[in-house]
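Engineer: What follows is a predicted structure for the sequence shown.
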Amino acid sequence: LLFSRLIGNREALGRLRAMAASGRVPGSLLFVGPEGTGKRAAAIALAKGFNCSRVAPGGEPCEECAACLRIDRGEHPDVRRLAPEGKGGQLRVDAVRELVREIQFRPFEGRRRFFILDEADRMNESAANALLKSLEEPPPSSTLILVTAHEGDLLPTVVSRCQKIRFVPLPIEEMAEHLSKSHGLSGAEAALAAAVSGGSMKRALEIRAEEIQTLRVEALRLLEQLASEMKPSELFPLADALSRSGDKLEPFLQLMLGLLRDLTAVAAGEREKTVHVDLRPALDSLAPRASLSSWLEAYAQVEQAVRALSVYANKRLTLETMLLELSRRAATPASALAGATRP
Ligand SMILES: [Zn+2]
């Protein structure tokens, strides 16, 4: 794991690399951002930048020396990682206390000690309080890195004692390139996986290509149904089914966003900008069923639902509202609107 091989998050990675190059790093850092945006990889790259025996002047570790290899294997005595045990588990308070004790030691063989706390939000109050002591008086030769996708679940007293490094979703194009180069996906598969991932490498790798194709056909069918004036009584069962679709819901909504973006392009007369090239005939016949502004509003509605679902979880209600709003927009014929606004 090297800085130059990580994608996206130029600002965050630039700051970390500058720390490795100058040898100056705060005693406690907080890496915040959605799942799959490279936070853990960046934490390891930083630890390597300080402990690699052949680090480049720009702060880039060599990836070949004994220190780099041992950090990769999790065997370096100065680079320790702590994660919750099991799915849905907690960071154990005794493990945190052990870390607080250990963080006081000077480096065994490297230049600086790093303690990386994965999913730091999974700490109960006594674990967080045990950690606070180290955050208040950080030892001079150790750095604690808290990694979280849920900053709101951390105690404010913990957050305020760390220097925050913010990670954002990865750029889709760079992801697609990385997926085909480093994970052996075909160009088309990589483009689709990246497009439905919402900028999360973790999610892109989880979702299989055939699954995406099926979901995409379903998303298109739903938009076609919505454009043909459905009654609210027909929408509720659809919302219910969607709310039960588990981990397929997020990629499904991302695919709807992709299709709506394409429909907007077609409606705006910019057909060459469509991404789902193989679906062009279907998009061409669907696009004129609503006006450009209706497609734009429909896009905003789905985007709003995605955002709402990522924060709180009345899934069914959110999806019902989304479908009602979508059906209201997609079933407004462009020609009728044009006629109505004509003086
Ligand atoms: Zn090295």
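Structural biologist: Good, I have the coordinates. Values in this document were obtained by computation on a predicted structure and should not be read as measured data.
Engineer: the longest strand in the chain is where?
Structural biologist: strand 142-148 (DSSP state E).
Engineer: Check which helices and strands it sits against.
Structural biologist: strand 28-32, helix 39-51, strand 113-117, helix 125-136 (3 or more CB pairs under 8 Å, 6 or more residues apart in numbering; DSSP states H and E). Just so you know, the C-beta spots here come from the backbone N, C-alpha and C atoms, and that holds for glycine as well.
Engineer: which one of those lies closest to A21?
Structural biologist: A21 sits nearest to helix 39-51 of all the helices and strands packed on strand 142-148, at 7.7 Å, using CB to CB.
Engineer: quick one: least confident helix or strand in the chain?
Structural biologist: helix 334-341 (a mean of 47; mean pLDDT, DSSP states H and E).
Engineer: Would you mind listing what in the protein touches the ion?
Structural biologist: Residues of the chain lying close to the ion by CB under 5 Å from the ion are C52, P61, C62, C65, C68.
Engineer: Throw those residues into TSV and include pLDDT and secondary structure, thanks.
Structural biologist: As requested, the residues of the chain next to the ion are exported to TSV (pLDDT from 0 to 100; DSSP: H, G, I helix; E, B strand; the rest coil):
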residue	pLDDT	secondary structure
C52	95	coil
P61	94	coil
C62	94	coil
C65	95	coil
C68	95	helix
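Engineer: and those, which are buried?
Structural biologist: Neighbour-count burial (16 or more other CB atoms under 10 Å) applied to the residues of the chain next to the ion gives C52, P61, C65, C68.
Engineer: which of those lies closest to A149?
Structural biologist: Using CB to CB, P61 is the member of those that lies nearest A149, at 25.2 Å.
Engineer: which residues touch that closest one?
Structural biologist: L2, A20, A45, K48, G49, N51, C52, V55, C68 (CB atoms under 8 Å, 6 or more residues apart in numbering).
Engineer: Helix, strand, or coil at whatever residue of the stretch 151-300 of the chain ends up closest to the ion?
Structural biologist: Here the residue of the stretch 151-300 of the chain nearest the ion is S182; by CB to the ion that distance is 20.4 Å. Following DSSP: H, G, I helix; E, B strand; the rest coil, the label given to S182 is helix.
Engineer: What score does E211 have for pLDDT?
Structural biologist: Per-residue confidence (pLDDT) for E211: 80.
Engineer: Now do it: how many residues are near it, please.
Structural biologist: 14 (other CB atoms under 10 Å).
Engineer: and it, which of the three is it?
Structural biologist: E211 - assigned by three-state DSSP - is helix.
Engineer: what does G74 give?
Structural biologist: coil.
Engineer: so who does the residue lying closest to it once chain neighbours are set aside touch?
Structural biologist: Among residues not flanking G74 along the chain, R81 sits closest, at 6.3 Å (CB to CB, 6 or more residues apart in numbering). For R81, the contact set (CB under 8 Å, 6+ apart) comprises G74, F115, I116, L117, D118.
Engineer: Okay, R81 and the ion: tell me how far apart.
Structural biologist: 18 Å (CB to the ion, to the nearest Å).
Engineer: Looks like S243 contacts L323 (just checking).
Structural biologist: No. Judged on CB atoms under 8 Å, S243 makes no contact with L323 at a distance of 10.6 Å.
Engineer: Same drill for those two, tell me which one is more crowded.
Structural biologist: Taking other CB under 10 Å, S243 and L323 do not tie; L323 has more neighbours (24 against 18).
Engineer: pLDDT on the helix or strand hosting the more buried one, on average?
Structural biologist: L323 belongs to helix 315-330 when assigned by DSSP states H and E. Average pLDDT, helix 315-330: 91.
Engineer: Residues in contact with it: which ones?
Structural biologist: 223, 226-227, 229-230, 232, 235-236, 238-240, 242-243, 249, 289-290, 294-295, 297-298, 301-302, 304-305, 308-309.
Engineer: Weed out the non-buried ones from the residues you listed.
Structural biologist: 223, 226-227, 230, 235, 238-239, 242-243, 249, 289-290, 294-295, 297-298, 301-302, 305, 308-309.
Engineer: Contacts only, for R113.
Structural biologist: Here R113 is in contact with D78, V79, R80, I103, F105, R106, P107, S141, S142, T143 (CB under 8 Å, 6+ apart).
Engineer: now those residues as a markdown table including pLDDT and neighbour count?
Structural biologist: Putting the contacts of R113 into a markdown table (pLDDT from 0 to 100; neighbours: other CB atoms under 10 Å) gives the following:
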| residue | pLDDT | neighbour count |
| --- | --- | --- |
| D78 | 96 | 23 |
| V79 | 96 | 25 |
| R80 | 95 | 18 |
| I103 | 92 | 21 |
| F105 | 92 | 13 |
| R106 | 93 | 11 |
| P107 | 94 | 16 |
| S141 | 94 | 16 |
| S142 | 95 | 22 |
| T143 | 96 | 23 |
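Engineer: Buried residues, stretch 22-30. List them.
Structural biologist: Applying 16+ other CB under 10 Å to stretch 22-30 flags V25, G27, S28, L29, L30 as buried.
Engineer: re the thing from before, which of the contacts of R81 ranks first by neighbour count?
Structural biologist: Going by other CB under 10 Å, L117 tops those with 27 neighbours.
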